[in-house]
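[1] Provide a 3D model corresponding to the input given below.
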Amino acid sequence: MGLFDKFKNGLRKTAQQLTAPLESFLKRPEALSSATLQELEERLVAADMGAATAQAIIKETVEAVKKEGRADPGSLTRQLRGAISRRLSKAYSPWNPPTPVVILLAGVNGAGKTTTAGKLAACFSKDGRKVLLAAADTFRAAAEEQLTEWASRAKVEFVRGSHGAAPSTVVFDALKSGLSHGVDCFVVDTAGRLHNRQNLMEELQKISRVAEKAAPGIALEKWLVLDANTGQNGLNQAREFNKGTPLTGLVLTKLDGTAKGGIAVALCEELGLPVRFLGMGEGLEDLVPYDPQLFSEALIPDPLVNV
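    Got it, this is the predicted structure:
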């Protein structure tokens, strides 16, 4: 399956949520009506783009359609896709992992951190990097067992501490050992934590400091893993995590199971944080690099744009 097909499959539910009013409009001979615009705005909100962002997208789309001088379905869908694409591209820049690099994954329980850690390890290993997975979630035994399985599937090195050990100690030991053995990509799974638990947020900050101490000058990425199903709550999580530990990127998971994929637009528009990867399924290959153009094309399918 090609990359664009993965985007289409992963965003199918959200696309259906958005394009239903457009499909209805295709059957109408009259020009674009206020009722259609209202319905489309409601669909954007339902896809979790947020009310303010949805209003801005509709306004921008209508102005562009009028400027083009064509109030037809093809013009509407092209301009809508453009308005969405511009927002998805705001914080985007192609990311090539430095050498070496530490990727610290944070997020609430159930967001998919451990699964994401395993998939990232497989992705980087496939690209020729020497990867080490570090299990810094030392309080949930199932997390260590799960990550052990992922390390085996991805065929990468794995480090775990004793149950209940300080997460920062695991990270320190992993970095010291890994760097001495030529590891150039560290993926660190941390314990799930609520964004409003100050003690856990401070622990995350400590892990960051210890990583910098263990490997001075090393590139340190701090990515928040968000379950796309949480919608606007995910936006609140990102905002609070970013306050506690300034983030360098986001990973959106479980997009294939939700119609709320529009949260990516809200995250880029309101927080300016770059999305790095998207979880589109359960398989090892179902974590794909974020691409704003492919994302917008999958949301607004070609059959609508090319009418």
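
[2] once you drop chain neighbours, what's closest to residue 226?
    With Cβ to Cβ, 6 or more residues apart in numbering as the criterion, residue 226 has its nearest non-adjacent residue at 4.3 Å, and that residue is residue 234. Bear in mind the C-beta positions are built from the backbone N, C-alpha and C, glycine included.

[3] roughly how far does that neighbour sit from residue 223?
    Note on residue 234: its distance to residue 223, by Cβ to Cβ, to the nearest Å, is 14 Å.

[4] who's in contact with stretch 3-22?
    Residues from elsewhere that reach stretch 3-22, judged by Cβ atoms under 8 Å, 6 or more residues apart in numbering: 1, 36, 39-40, 43-44, 46-47, 73, 76-77, 80, 255-262, 278, 280-281, 286, 288, 291, 294-295, 297-301, 304.

[5] thinking again about what came up before, hang on, the residue nearest to residue 226 in a helix?
    Yes: counting by DSSP: H, G, I helix; E, B strand; the rest coil, residue 234 falls inside a helix.

[6] could you report the separation of it from residue 114?
    18 Å.

[7] now the stretch 201-307 of the chain, which segments are flagged as low pLDDT?
    Applying pLDDT under 70 to the stretch 201-307 of the chain flags the ranges 302-307.

[8] please enumerate the helices of it.
    Using DSSP state H, counting those that start in this stretch, the helices of the stretch 201-307 of the chain run over residues 232-244, 263-271, 292-299, 302-305.

[9] kindly reformat the ones you listed as TSV and extend each row with mean neighbour count and distance to residue 85.
    Converted to TSV, these look like this (neighbours: other Cβ atoms under 10 Å; distance: least, Cβ to Cβ, whole Å):
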stretch	mean neighbour count	distance to residue 85
helix 232-244	18	20
helix 263-271	24	10
helix 292-299	22	4
helix 302-305	16	12
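
[10] among these, which is nearest residue 155?
    helix 292-299 (28.0 Å; Cβ to Cβ).

[11] which residues does that closest one contact?
    Everything outside helix 292-299 that qualifies as a contact, by Cβ under 8 Å, 6+ apart, is 3-4, 7-8, 10-11, 14-15, 18, 81-82, 84-85, 88-89, 92, 261-262, 264, 268, 278.

[12] restricting to C-alpha, output that helix in PDB.
    Output in PDB follows, covering the C-alpha atoms of helix 292-299 (Å, rounded to 0.1, in the frame of the first residue of the first chain):
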ATOM      1  CA  PRO A 292       0.200  18.200   5.300                       C
ATOM      2  CA  GLN A 293      -0.500  18.000   1.600                       C
ATOM      3  CA  LEU A 294      -1.400  14.300   1.700                       C
ATOM      4  CA  PHE A 295      -3.400  14.900   4.900                       C
ATOM      5  CA  SER A 296      -5.500  17.700   3.200                       C
ATOM      6  CA  GLU A 297      -5.900  15.600   0.000                       C
ATOM      7  CA  ALA A 298      -7.200  12.700   2.000                       C
ATOM      8  CA  LEU A 299      -9.700  14.900   3.900                       C
END
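
[13] just the angle for it relative to helix 263-271, thanks.
    Interaxial angle, helix 292-299 versus helix 263-271 (axes from the mean of the first three to the mean of the last three Cα atoms, to 10 degrees): 130 degrees.
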